[in-house]
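Student: Give me coordinates for this.
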Amino acid sequence: MLRIYFTGEDILRTRVAPAPDPLWELVLSLHLLQGRSRDPLMSTWRRSVARWLSQDNASDQLRLLFALNPPRGYFPDFLTPYESMSGFDAGLDAVRSTPVPMLRRDVGLLAGANPLPSSASALARGETEVLAHLTRSMEQYRDLAISPYWPRIQAAVEADRNRRARALLDGGVEGLLASLRPAMRWDSGVLEVRDYPDSRELHLDGRGLLLVPSFFCARTPVALLDPALPPVLVYPVDRLGGLAPAAGGDGVPAAGREALAALLGRTRAAVLEASTDGCTTGEVARRLDISAAAASQHATVLRNAGLLVSHRDRNTVLHTITPLGRAVLNA
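Tutor: Below is the predicted model of the structure:
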C-alpha cells in the first residue's frame, strides 16, 4: 500500500492536471500493450498497434523504448518529467535534458531486474545521440499508437475532470480526495492507495499533490519512485467504451457518422450546451423543462454520436461534452 501524508498546506496545493499528460499516456500505453491484460475495451487498439509493430522493422527501432518500459514493476522516472504537463514537446525537451546522475540511477535500477539492450549503457552515460534516438522513438510511437485516438483520450480525461470539479465544489479538496474511491481511500490527512505493488510512504511536506487522470493507467494508480521529485499521482479514468481510431482524420469515430445525422433540432443542441461544464440527467431536465426520460433519450443520441460522454455515479448520470461536441456547438 502507498500512503501519502498531507499537511494543511498540502491540501491547499493539491490540484488536478488540466489535460491528459502526453508522456504519462505514452509510457503507460507501452505497459498496457506489453502486459497480459486482455481488456476487451482495448482489444482493437492493441491489435492495431501490434500490426504496425510487425511492419517496417518498427519494433527494432523502438527496442530501447520498450526495454525501458517493462509491463510490470519499476520504470524510469525520467521518462515522465513534470514538464510534460505543458505538452509533448516540452516533455521531450525535458527528457533530452535529463541530468546524467538521474539517468545513471534510473537505468541502474531498471537493469537490476530486467535485461537491457547495449544502448542502455550509453543512455546511462547521457550520450546525446542516444537521448535523441530515444525521443525520436517516442515521437514515432506516439504518432501511430496514441495520436489517432487522442480525441477519445481527451474526452475521457475531460469527463473525469468534471467529476472531480463537482466533488471539489461540493466538498472542498477533501471531497475531491474522497471521490477517488474505491482505488484510493482518504482518511484523516492520509490518502491510501490500495493494491499498490510496494509498501511505501510519501510525505508531501507542503509541496501539494498533482493528480493526473490517465486513460492508459491500469487499475492501480502510479507514483514516481523518487520522493524528491514534484509529487505526482496518476490514476485511471473510465475509458468510456474503449478506443476507436478517428475516421478521415477529423476525430469523428466511424460508428458516430450515422448518429450525427440524427442531431437536428433545438432541444438536442440545448442538451449539448447544458453539458458544457457537466450536467446530470435531472439537471438537464430541469434546465430545459423537459422530462427526465426525454433528457436521457437526447443524451443517448448525443453520446452515440461522440458529442457527449456519460458516467454513472451511484444514482446519477453525469454528462460531459467532448472536444468534438464543443467544436460542433461552436461551429
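Student: Give me the buried positions along stretch 9-27.
Tutor: 10-11, 13-14, 16-17, 20-27 (16 or more other CB atoms under 10 Å). All C-beta spots, glycine's among them, are computed from the backbone N, C-alpha and C.
Student: where are the low-confidence patches of this protein?
Tutor: Flagging of the chain using pLDDT under 70 yields the residue ranges 37, 56-59, 240-264, 330-331.
Student: Just want the most central residue of it.
Tutor: Closest to where the C-alpha atoms of the chain average out (CA atoms, centre = their mean) is Ser214, at 1.7 Å.
Student: Can you list which of the buried residues of stretch 9-27 are found in helices?
Tutor: 10-11, 22-27 (DSSP state H).
Student: any chance of those residues in JSON lines, plus distance to Arg164?
Tutor: Formatted as JSON lines, these follow (distance: CB to CB, whole Å):
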{"residue": "Asp10", "distance to Arg164": "17"}
{"residue": "Ile11", "distance to Arg164": "15"}
{"residue": "Pro22", "distance to Arg164": "20"}
{"residue": "Leu23", "distance to Arg164": "21"}
{"residue": "Trp24", "distance to Arg164": "17"}
{"residue": "Glu25", "distance to Arg164": "18"}
{"residue": "Leu26", "distance to Arg164": "23"}
{"residue": "Val27", "distance to Arg164": "22"}
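Student: ok, of those residues, which one's closest to Ala50?
Tutor: Ala50 lies nearest to Leu26 out of those, by CB to CB, at 16.7 Å.
Student: Does the closest one touch Tyr149 like I think?
Tutor: No. At 11.8 Å, Leu26 does not count as touching Tyr149 under the criterion of CB atoms under 8 Å.
Student: ok so, going back, among the ones in helices among the buried residues of stretch 9-27, give me the pair with the biggest separation.
Tutor: By the measure CB to CB, Ile11 and Leu26 form the most distant pair in those, at 30.5 Å.
Student: a strand runs through Arg3, doesn't it?
Tutor: Yes. Looking at Arg3 with DSSP: H, G, I helix; E, B strand; the rest coil, it is inside a strand.
Student: how is the chain carved up into domains?
Tutor: Domains of the chain are assigned by automatic domain parsing as 2-17+151-236, 22-150, 247-330.
Student: Now do the buried residues in the strand or helix carrying Arg51.
Tutor: Per DSSP states H and E: Arg51 is located in helix 43-53. Buried residues in helix 43-53, counted by 16+ other CB under 10 Å: 45-46, 48-49, 53.
Student: same deal with stretch 185-193?
Tutor: 186, 191, 193.
Student: Quick check: closest non-adjacent residue to the residue nearest to the centre of the chain.
Tutor: In this structure, Ser214 finds its nearest non-sequential neighbour in Val234, 4.9 Å apart by CB to CB, 6 or more residues apart in numbering.
Student: If you count residues, where's the longest helix of this structure?
Tutor: What stands out as the longest helix in the chain, according to DSSP H, is helix 150-178.
Student: For that one, name the packing helices and strands.
Tutor: The contact analysis (3 or more CB pairs under 8 Å, 6 or more residues apart in numbering; DSSP states H and E) places helix 150-178 against helix 8-12, strand 15-16, strand 184-187, strand 210-214, strand 308-313, strand 316-321, helix 323-330.
Student: mind listing what the third one pairs with, with the direction of each?
Tutor: Within its sheet, and counting by DSSP bridges, strand 184-187 is paired with strand 190-193 (antiparallel).
Student: Strand partners (parallel or antiparallel) of the helix or strand following the strand it pairs with?
Tutor: Once the chain leaves strand 190-193, the next helix or strand it forms, by DSSP H and E, is strand 200-203. Take DSSP bridges as the rule and strand 200-203 pairs in its sheet with strand 2-5 (parallel).
Student: Check what contacts the strand it pairs with and list those residues.
Tutor: 189-193, 196, 198-204, 209, 221, 223, 231, 233 (CB atoms under 8 Å, 6 or more residues apart in numbering).
Student: One more: stretch 31-42?
Tutor: Applying CB under 8 Å, 6+ apart, the set of residues contacting stretch 31-42 is 46, 49-50, 66, 69-72, 75, 145, 216, 218, 239, 241-243.
Student: distance between the ends of it?
Tutor: End-to-end distance for stretch 31-42: 13 Å, by CA to CA, to the nearest Å.
Student: Report the buried residues of that stretch.
Tutor: Applying 16+ other CB under 10 Å to stretch 31-42 flags 31-33, 42 as buried.
Student: before we move on, what about stretch 164-182?
Tutor: Of the residues in stretch 164-182, those buried (16+ other CB under 10 Å) are 164, 166-168, 173, 176-180.
Student: Look at the residue nearest to Ser214 and tell me its secondary structure.
Tutor: Val234 is classified as strand under three-state DSSP.
Student: Renumber starting at 194 from here on
Tutor: Shifting the count to begin at 194 puts that one at Val427.
Student: That one is in contact with Cys410, isn't it?
Tutor: Yes. Using CB under 8 Å, Val427 is in contact with Cys410, at 5.3 Å.
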